[in-house]
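Engineer: Here is my input; please provide its structure:
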Amino acid sequence: MDNPLAGALITPRPSADETGSWPRAESATPTARRRRSFAPSVPDLIGASVLAGVLLGKRPEVLNGDTAAHLRMGELILDSGSIPRTETLSFTMLGRHLALPGWLGEVAFAAAERLGGLGMVAALAAGLAVLAAVLPALLLRRRGADPRITLLAVALGASLSASGWTARPHLWSYVGVGLVLGMLERRRPVPLAGVALLFAAWANLHAGFVYGLALLGLYALGTWVEERGAEYPRGGAGGGARRLLAATAVACAASLLNPAGPGIVRQIAGALGSDAVAAQTTEWAPPSFGEPRGVFLAAVVLAAAAVVLLSRRRPAWSRALAVAAFLLAALQSSRHVPLFGLVAVPLVALHASESFRRTSTRYWFGDAFAEIERRTVPGAWILPLFLGFAWLSARPGAWGFDPSQYPVAAVQAARSAGLQGRIFHSLQWGGFIAYAWPERKVFFHPVKYDDDVSAAYLGVVAGPSPPAARLEQLGIDLVVAEPGSRLARELVAAPGWTVWHRDGTAVVLRRSTGPRLPP
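Structural biologist: Numbering: from 1, shown residues only. From the prediction side, this is the model:
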């Protein structure tokens, strides 16, 4: 008996009709269209895998120092009922102008903490990570891609994004790029009202809305190039170049609807252009191809290149530009690798599903899965799983900051004792100390610092002068550092400094002599 899926599993891109819209892919048989299956769909399988990854594989990393910094800022906004315009959490930047492109994202995480503690913060992060991974799967499913291609491609993309599964506002941008990609790859014109609403919210959730602007602009440029050719349907994908250009303009205008207004652009450009910020942020470094993550990225890139080279048709310019741009960004900074996985990999899979035709009628591995998957109901499995995870996470004590990575005991003891004075601390602990010890201002806060603060920090921990001398110049009274660090070793031997607390993670040193400045 012939396989009913022959020629239907992987089909080339259909021809456009006179209106320029693309016909919807049909199911394998009329029976398949009528029956529904509640077996796990590909989006459910991907979502469940991401949920398990956050719950098990990434659990120690979901709540990190940046999470604490954003929670502290969100709490500050909720307590005051206003968005701060000047820095108040660090004494090194006190009173400096502050623009918060992600203030709403911080408020959302802080509200989640008030609702269900740190477990609810982890649940919100898990939900955003799941949604970011599921959106490309839904896009490929809607475009009629073979479920096996969808499962493989989205699994690879989600794996690349795993480094970003931490409770921070950047997760909103992972979801945002998926929504933009879905708008661009729909068979109808891009909805301008939807674009305006998305970017008005996104510009207040996280600075990554610039990735969405870039994606819109790249599609507008690529579509314009395509329309110069005779074979491309005018008014086709996304409504044509004019529609995409209008959507880009609408997105730019909507992005200005934030408390900083046009100043948000200067804030983002200043952070991206600061060598000191890049030097102090490890995720801004290029991926290392001598490490497993770098090897995996290289393998995915090579596989994507092979798919494009072996396909029967060239990729659309809009997709090619988007893939190239996000690949270049990923090679320049590890921070952009997740975006490459969430944008470029699904686009390559979409191109493959439209380019390769199945000609053989014999059984292929996974034919039964592909037939059943087309009749599944997305969300039937992942939604109950997520709700159960959120309920379990909200239990008291279910989640917390890893005491082996952050000075939980040391800060708790110092706060309980009411220690006074300016604090100097290890770089990665600034956000946690600001969160766990809100009465004290920190030296280095990850939400706001500049080249001068970075230089002062490096002058203490790696400068030629003795740390004690530099700390005295800065008016530092307390130091919280790793027990085995150079700073801790030298201060233990320096006159005028005493060890106040020590555990396996941190040592608190207190200056017993010298002038004290306001904290």
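Engineer: And the helices in the stretch 101-250 of the chain, which stretches?
Structural biologist: Shown for the stretch 101-250 of the chain, the helices assigned by DSSP state H, counting those that start in this stretch span residues 103-142, 147-161, 170-184, 192-205, 209-227, 241-255.
Engineer: And the longest one, what's buried?
Structural biologist: It stands for helix 103-142. Buried residues in helix 103-142, counting neighbours by 16 or more other C-beta atoms under 10 Å, are found at 103-113, 116-141. Where C-beta positions appear, they are placed from N, C-alpha and C, glycine not excepted.
Engineer: Tell me how confident the model is about that helix, as a mean pLDDT.
Structural biologist: Across helix 103-142, pLDDT averages out at 95.
Engineer: Then the second one?
Structural biologist: Regarding helix 147-161, the rounded mean pLDDT is 94.
Engineer: Who are the packing partners of that helix?
Structural biologist: helix 42-52, helix 103-142, helix 292-310, helix 337-355, helix 367-373 (3 or more C-beta pairs under 8 Å, 6 or more residues apart in numbering; DSSP states H and E).
Engineer: Looking at these, spot the one closest to Ala153.
Structural biologist: helix 337-355 (3.3 Å; C-beta to C-beta).
Engineer: tell me the mean pLDDT for the closest one?
Structural biologist: 94.
Engineer: Quick one: list the elements packing against it.
Structural biologist: Short answer (3+ C-beta pairs under 8 Å, 6+ apart): helix 337-355 packs on helix 103-142, helix 147-161, helix 170-184, helix 292-310, helix 317-332.
Engineer: As TSV, those with distance to Pro466 would be great.
Structural biologist: Below are the helices and strands packed on helix 337-355 laid out as TSV (distance: least, C-beta to C-beta, whole Å):
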stretch	distance to Pro466
helix 103-142	38
helix 147-161	44
helix 170-184	38
helix 292-310	38
helix 317-332	37
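Engineer: Out of the ones you listed, the one nearest Ala200 is which?
Structural biologist: Using C-beta to C-beta as the measure, helix 103-142 is the one of these that comes nearest Ala200, at 10.5 Å.
Engineer: Just list what the closest one packs against, helices and strands only.
Structural biologist: Counting contacts by 3+ C-beta pairs under 8 Å, 6+ apart, helix 103-142 packs against helix 42-52, helix 59-62, helix 65-80, helix 147-161, helix 170-184, helix 192-205, helix 337-355, helix 382-393.
Engineer: Take those helices and lay them out in CSV including mean neighbour count and distance to Gly496.
Structural biologist: CSV is the format used below for the helices and strands packed on helix 103-142 (neighbours: other C-beta atoms under 10 Å; distance: least, C-beta to C-beta, whole Å):
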stretch, mean neighbour count, distance to Gly496
helix 42-52, 23, 52
helix 59-62, 16, 37
helix 65-80, 21, 29
helix 147-161, 23, 49
helix 170-184, 23, 42
helix 192-205, 20, 47
helix 337-355, 25, 46
helix 382-393, 16, 46
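Engineer: will you turn those helices into CSV that also has distance to Val301?
Structural biologist: What follows is the helices and strands packed on helix 103-142, written out as CSV (distance: least, C-beta to C-beta, whole Å):
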stretch, distance to Val301
helix 42-52, 21
helix 59-62, 25
helix 65-80, 27
helix 147-161, 10
helix 170-184, 18
helix 192-205, 27
helix 337-355, 8
helix 382-393, 29
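Engineer: quick one: which of those is nearest Arg228?
Structural biologist: helix 170-184 (19.2 Å).
Engineer: now that closest one against helix 103-142, angle please.
Structural biologist: If you take axes from the mean of the first three to the mean of the last three C-alpha atoms, to 10 degrees, helix 170-184 sits at 40 degrees to helix 103-142.
Engineer: For helix 170-184, what does the pLDDT average out to?
Structural biologist: For helix 170-184, the mean pLDDT works out to 96.
Engineer: Check stretch 209-225 too.
Structural biologist: Stretch 209-225 comes out at a mean pLDDT of 94.
Engineer: So which bits of it are buried?
Structural biologist: Under the neighbour-count criterion of 16+ other C-beta under 10 Å, stretch 209-225 has 209-225 buried.
Engineer: starting at the chain centroid, how far to it?
Structural biologist: Relative to its parent chain, stretch 209-225 has a centroid offset of 20 Å by C-alpha atoms, centre = their mean, to the nearest Å.
Engineer: Also stretch 65-83?
Structural biologist: Distance of stretch 65-83 from its chain centroid, counting by C-alpha atoms, centre = their mean, is 19 Å.
Engineer: what comes into contact with that stretch?
Structural biologist: Stretch 65-83 is contacted by residues 84, 88-89, 100, 102-103, 105-111, 113-114, 121, 166-169, 259, 401, 406, 428-432, 434-436, 438, 445-447 when judged by C-beta atoms under 8 Å, 6 or more residues apart in numbering.
Engineer: try 7 Å
Structural biologist: Residues outside stretch 65-83 that contact it (C-beta atoms under 7 Å, 6 or more residues apart in numbering) are 84, 89, 100, 103, 106-107, 109-111, 113, 166-169, 259, 401, 406, 428-432, 434-435, 438, 445-447.
Engineer: taking those one by one, which sit in strands?
Structural biologist: Among these, DSSP state E puts none in strands.
Engineer: Make a PyMOL selection of the buried ones in these.
Structural biologist: Per 16+ other C-beta under 10 Å, the buried members of the contacts of stretch 65-83 correspond to this PyMOL selection:
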select buried, resi 84+89+100+103+106+107+109+110+111+113+166+167+168+169+259+401+406+428+429+430+431+432+434+435+445+446+447
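Engineer: All good on my end, thank you.
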